[in-house]
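> any chance you can model this:
(one chain, ligands or ions: 1)
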Amino acid sequence: MTTLTLDRLSVDYGETRALREFTLSIGAAELVTLLGPSGCGKTTVLKAVAGLLAPAAGDVRFDGASVLSVPTEARGAAMVFQKPLLFPHLTVAENIGFGLKMRRQSRAEIDARVAQAIEWVRLPGLEKRRPHELSGGQEQRVSLARALVIEPRVLLLDEPFSALDENLRGEMRQLVRELQRRLRITTLFVTHDQREALAVADRIALLFDGKIEQAGAPRDLLLAPVSARAARFFGWTLLPGDLLRPEMAASFAAFRPENARLCASDDPTGQFDGILESMIDYGTRRQWRVRLAGGEIVEGDQLSIPGDAAPAPGERVKLAAPPDALRWFPRDHATQQIAE
Ligand code: ATP
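Coordinates of the predicted model:
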């Protein structure tokens, strides 16, 4: 089991600085997801770990030892890409065994390890097929087997399932999680899908503009974001602070939509004025969608009390967020961007 340390890593593509003093430590057998908007540098982190690019500054260490001078093929990092990149003329078994063949393993050793990897990813019976005879999900299972068969010190997954449909994605996610735990492989898993990150991660590292914004347990990122843009990324509603307090114009008032309560426009506990856009009554719960005065849309649901009159779409309403569910964040330039 290997620990992975990224120490103040900076990476440039010509004039573009893709990573800025990026620092993250991943424990032995830990699965960390790298999450963040498109272009924030997620793939660049994986490439730096795999040795596919040379950082401008900083260090990459496996078990505390720098691997910057170790060539890609000798690092012991295996990467799975969004596109399977299999050799079209080789069979499933040959594709999986290719890395072992390059490492000059014996025929018997290769056969045994390939058979085991095929078992791991649940592809028995398909050994002799070629990539064009496989479904998208099966192709990604082959890619995964090809990565695992070399017993990597570090497994790098770059949005490996984003081309698959939702059900299959869930299944593949579970398979990765199960194998990663069973084989105890230190893993970095890139995704831009927060649900995926929440579902598989021991820890999540959230990136913006080539830097870590927040790293921690999934629950902490979801419920205790450190900044307005982290909150926005995890689905919090951010509203101009002066809607609640005139002196807070330079801040955002933030709450999770599930903590907001819909109330009548004359309810003194209501805090934010808006118009009810839609309301679906499921008998015991009402699902609502409100457009606030500033144009922000908030969706939530709440228990309905039998017999109480529900407001109708188009009516003026108010939303209330309990004080302990409210967080305040400064409005910085980054949140100005996401608030647009
Ligand atoms: P996505 O989620 O869209 O895959 P990402 O978070 O993986 O994005 P990277 O691919 O790491 O982002 O790219 C980080 C930044 O570096 C982006 O601004 C991107 O445009 C830039 N970049 C990436 N590769 C190159 C390259 N080969 N040449 C120039 N700029 C690049």
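> next, count neighbours for Glu127.
14 (other C-beta atoms under 10 Å). Just so you know, the C-beta spots here come from the backbone N, C-alpha and C atoms, and that holds for glycine as well.
> hmm, it is touching Glu119, no?
No: look at Glu127 against Glu119 with C-beta atoms under 8 Å: they stay out of range, at 10.9 Å.
> for Ser265, which non-adjacent residue is spatially closest?
Leaving aside its chain neighbours, Ser265 sits nearest to Arg316 (4.1 Å; criterion: C-beta to C-beta, 6 or more residues apart in numbering).
> what bridges to Ala320?
Arg261 (DSSP bridges).
> need the contact partners of stretch 125-134.
With contact meaning C-beta atoms under 8 Å, 6 or more residues apart in numbering, stretch 125-134 is reached by 84, 86-93, 95, 114, 118, 138-139, 142.
> stretch 164-179 now?
Against stretch 164-179 from outside (C-beta under 8 Å, 6+ apart): 31, 120-122, 136-137, 140-141, 144, 148, 157, 160-162, 185, 187, 189, 196, 199-200.
> write the PyMOL selection for whichever of those residues are buried.
Here is the PyMOL command that selects the buried residues among the contacts of stretch 164-179 (16 or more other C-beta atoms under 10 Å):
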select buried, resi 31+120+121+137+140+141+144+148+157+160+161+185+187+189+196+199+200
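> mind listing which of the contacts of stretch 164-179 are in strands?
Leu31, Leu157, Thr187, Phe189 (DSSP state E).
> before we move on, back to that, identify the residues contacting the residue nearest to Ser265.
Arg316 touches Ser265, Asp273, Gly274, Ile275, Leu276, counting by C-beta under 8 Å, 6+ apart.
> find the pair from those residues with maximum spatial separation.
Asp273 and Leu276 (11.4 Å; C-beta to C-beta).
> picking that back up, top of the contacts of stretch 125-134 by neighbour count?
Once you tally neighbours by other C-beta under 10 Å, Val92 ends up highest among those, having 26 neighbours.
> phi first, then psi, for that residue.
Dihedral pair for Val92: phi -50, psi -50, per degrees, to the nearest 10.
> wait, what's in contact with the nearest residue to Arg184 once chain neighbours are set aside?
Using C-beta to C-beta, 6+ apart and skipping the chain neighbours, the partner closest in space to Arg184 is Ala29 (4.0 Å). Listed by C-beta under 8 Å, 6+ apart, the contact set of Ala29 reads Met1, Gln180, Arg181, Arg184, Ile185, Thr186.
> spit out the contact partners of the first one.
What that stands for is Met1. Contacts of Met1 (C-beta under 8 Å, 6+ apart): Ala28, Ala29, Arg184, Ile185, Thr186.
> residues near the nearest residue to it once chain neighbours are set aside, how many?
Excluding its sequence neighbours, the residue lying closest to Met1 (C-beta to C-beta, 6+ apart) is Ala28, at 3.7 Å. Neighbour count of Ala28, defined by other C-beta under 10 Å: 13.
> I'd assumed Phe62 was in contact with Ala28.
No: using C-beta under 8 Å, Ala28 makes no contact with Phe62, being 10.5 Å away.
> coming back round to it: which SS state does the residue nearest to Arg184 fall under?
coil (DSSP: H, G, I helix; E, B strand; the rest coil).
> about what we covered before: residue contacts, the residue nearest to Met1?
Residues in contact with Ala28, defined by C-beta under 8 Å, 6+ apart, are Met1, Thr2, Thr3, Arg184, Thr186.
> what's the pLDDT at the fourth one?
I take that to be Arg184. In this prediction, Arg184 carries a pLDDT score of 96.
> cool, thanks, talk later.
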